[in-house]
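Peer 1: For reference, the sequence and a predicted model appear below.
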Amino acid sequence: MPDPHAQVETPEARNRRRLRVAKSQADMAYFQARLSLLGEPKTLNQVAQQRTFKLLLKAIGERMVNVEPGS
C-alpha cells in the first residue's frame, strides 16, 4: 500500500538523483584505478594516498548503498 505522506518525485529530481548516482560511480572507478596504479606503496606519501583513496572509496560505496532503489 502506498504511503499517503510520500512525496512524488518530479522528473527534475529524478534526473538529479540519477546524475548523482552516475557521478558516484565515476568517482568509485577513479579511486579504484588510482589504487591499482599505486600498487604496493614505497613512500609515506603513497601510503597516505592509498589510505585516503580506500577511505573515499568506502565512503562513496556506503553512499551508493543508501541510494533509493530504481535509480
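Peer 2: Happy to help now that I have it. Numbers count the residues shown, from 1 in each chain.

Peer 1: From V8, how far off is L57?
Peer 2: As for L57, its distance to V8 is 34 Å (criterion: CB to CB, to the nearest Å). All C-beta spots, glycine's among them, are computed from the backbone N, C-alpha and C.

Peer 1: now R63
Peer 2: Going from R63 to V8 by CB to CB gives 24 Å.

Peer 1: From what I see, L57 and M28 are in contact.
Peer 2: Yes: if you go by CB atoms under 8 Å, L57 and M28 touch, sitting 6.2 Å apart.

Peer 1: which one of R63 and V8 has more residues nearby?
Peer 2: Taking other CB atoms under 10 Å, R63 and V8 do not tie; R63 has more neighbours (14 against 5).

Peer 1: List the residues that contact the more buried one.
Peer 2: Applying CB atoms under 8 Å, 6 or more residues apart in numbering to R63 gives the contacts S24.

Peer 1: just M64 next, same as before
Peer 2: Each residue near M64 by CB under 8 Å, 6+ apart is listed here: 21, 24-25, 28.

Peer 1: Check this structure for its longest helix and report it.
Peer 2: Assignment by DSSP state H gives helix 11-38 as the longest helix of the chain.

Peer 1: So which other helices or strands are in contact with that one?
Peer 2: Contacts defined by 3 or more CB pairs under 8 Å, 6 or more residues apart in numbering; DSSP states H and E place helix 11-38 against helix 44-65.

Peer 1: quick one: average pLDDT of the helix it packs on?
Peer 2: Here helix 44-65 scores 87 as its mean pLDDT.

Peer 1: any idea of the angle that helix forms with helix 11-38?
Peer 2: Per axes from the mean of the first three to the mean of the last three CA atoms, to 10 degrees, the angle that helix 44-65 makes with helix 11-38 is 150 degrees.
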